[in-house]
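Student: Next comes the sequence, and after it the predicted model I'd like to discuss.
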Amino acid sequence: MRRPALTQFLIERQRAGRINADLRLLIETIARACKAISTRVNKGPLGGGYGSAGTENVQGEMQKNLDVLSNEILLEANEWGGNLAALVSEEMDDPRPTPTNYPRGEYLLLFDPLDGSSNIDVNISVGTIFSVLRCPKGASQADEKVFLQPGRRQVAAGFAVYGPTTLLVITVGDGTYGFTLDRETFTFVLTQEKILIPEDTAEFAINTSNMRRWEPPVKRYIDECLAGTEGPRGKDFNMRWVASMVADVYRVLSRGGIFMYPRDSKNKEGRLRLMYEANPMAFIVEQAGGAATDGRTPILDLQPQKLHQRVAVVLGSRNEVERVTSYHA
Ligand code: AHG
Ligand code: MN
Ligand code: MN
């Protein structure tokens, strides 16, 4: 069986009227930037990506060289295409409107250029996450306000994983699809058709070093998992925590599971960013038949208040996410 490349996949989506030529170009451009980042990641300590950049981002986190490099690669790839009104990332203080010497397009791009920064220097999978919104009609300026739309309005989202293989997962609202980078032809090839997350699971992902700070519903859920066959769940659970959301979510898409980064007494709003991490992942997971909430409300229904806002995240196998949500009720 011949597997279609990303380009053919997108052309077919365009013919079906699901995306237009501008959105197709945007996704292709992001995929190309991800290939460039993948090459840098592969070079490891030889590629200039290791180590601290010595600068802080707007959220007070120390930037790694690869955070800065990946951000630059995505910026340069996306400024001239004529399909964006503005873009913004986790590593930028403010949104950047399309430079006036290029045509202004109808889309808004948001991204986490390098997810899993703590894993760069130790050769563990990292990735890139992106989200695409439409710029509201009639907006004269592409400022912070135009981006503050609920995740439900995303027209596309995706993420790359730079692991043993480089993968790209995308949705344009008609299911979630996975592509593998063929290193001989340097093209993304469709390898996972219409991903479906199993409804049930016996595997959870959470950073248990924060346990003493969790709220009671999360503590209860994990305690019940840990109690195994002798506890109320009547079965043993396994645990995984990569500390790169891209890798943890890809595992959930592949074999099911629940992924949680709850709010706690230290991270009162949660740890993950709504616009660059939670919204795109929630869209991808819902499109794969899973669920994503902040413990109470579907992530995609939250009205963002600010660009760099953080949020609690519970996502993955539908029945487990519903259980955690019911413990919060
Ligand atoms: P980033 O590298 O973009 O800042 O994101 C890291 C995130 C996410 O990928 C991961 O799930 C989580 O932070 C890990 O946090 P801990 O180190 O607290 O486990
Ligand atoms: Mn991240
Ligand atoms: Mn990041």
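Tutor: All right, it came through fine. Ligands and ions are numbered 1, 2, ... in the order given.
Student: Let me know whether stretch 121-134 sits next to ligand 1.
Tutor: No - on the criterion C-beta under 6 Å from any ligand atom, stretch 121-134 is out of touch with ligand 1, staying 7.5 Å away. No exception for glycine: its C-beta is placed from N, CA and C like everyone else's.
Student: Output that stretch as CSV, nothing but the C-alphas.
Tutor: The C-alpha trace of stretch 121-134 is given here as CSV (Å, rounded to 0.1, in the frame of the first residue of the first chain):
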residue,chain,number,x,y,z
ASP,A,121,20.2,18.2,27.3
VAL,A,122,19.5,14.6,28.4
ASN,A,123,18.5,13.1,25.0
ILE,A,124,14.8,12.5,25.8
SER,A,125,12.0,13.3,23.3
VAL,A,126,11.0,16.9,22.8
GLY,A,127,8.6,18.5,20.4
THR,A,128,6.7,21.5,18.9
ILE,A,129,3.0,22.3,19.5
PHE,A,130,0.8,24.6,17.3
SER,A,131,-2.7,26.0,17.1
VAL,A,132,-4.4,28.0,14.3
LEU,A,133,-7.3,30.4,14.8
ARG,A,134,-9.1,32.7,12.4
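Student: Endpoint to endpoint, stretch 256-275 covers what distance?
Tutor: 24 Å (C-alpha to C-alpha, to the nearest Å).
Student: List the buried residues of it.
Tutor: Neighbour-count burial for stretch 256-275, counted by 16 or more other C-beta atoms under 10 Å, picks out 256-264, 270-275.
Student: Out of these, list just those in strands.
Tutor: Judged by DSSP state E, the subset of the buried residues of stretch 256-275 located in strands is Ile258, Phe259, Met260, Tyr261, Leu272, Arg273.
Student: can you redo these as TSV with distance to Gly316 and pLDDT?
Tutor: As requested, those are exported to TSV (distance: C-beta to C-beta, whole Å; pLDDT from 0 to 100):
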residue	distance to Gly316	pLDDT
Ile258	4	98
Phe259	5	98
Met260	8	98
Tyr261	12	98
Leu272	14	98
Arg273	19	98
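Student: Would you check which of the residues you listed are in contact with ligand 1?
Tutor: Judged by C-beta under 6 Å from any ligand atom, the overlap between those and the neighbourhood of ligand 1 comprises Tyr261.
Student: okay, among the buried residues of stretch 256-275, which ones form the most distant pair?
Tutor: For the buried residues of stretch 256-275, with distances taken as C-beta to C-beta, the pair at the greatest spread is Gly256 and Met275 (26.5 Å).
Student: Show me what from this protein comes close to ligand 2.
Tutor: Where proximity means C-beta under 5 Å from the ion, the interface of the chain facing ligand 2 comprises Asp112, Asp115.
Student: in the chain, which spans are helices?
Tutor: Listed from the start of the chain, the chain has helices (DSSP state H) covering 6-15, 21-43, 65-78, 144-147, 216-227, 245-255, 279-287, 318-328.
Student: of all the ones you listed, which lies closest to ligand 3?
Tutor: With C-beta to the ion, the closest approach to ligand 3 among the helices of the chain belongs to helix 65-78: 5.9 Å.
Student: ok, and what's touching that closest one?
Tutor: Contact with helix 65-78 is made by 26, 29-30, 32-33, 36-37, 40-41, 48-53, 55, 57, 84, 87, 89, 91-92, 96, 109, 111, 113-114, 117, 120, 126, 128, as judged by C-beta atoms under 8 Å, 6 or more residues apart in numbering.
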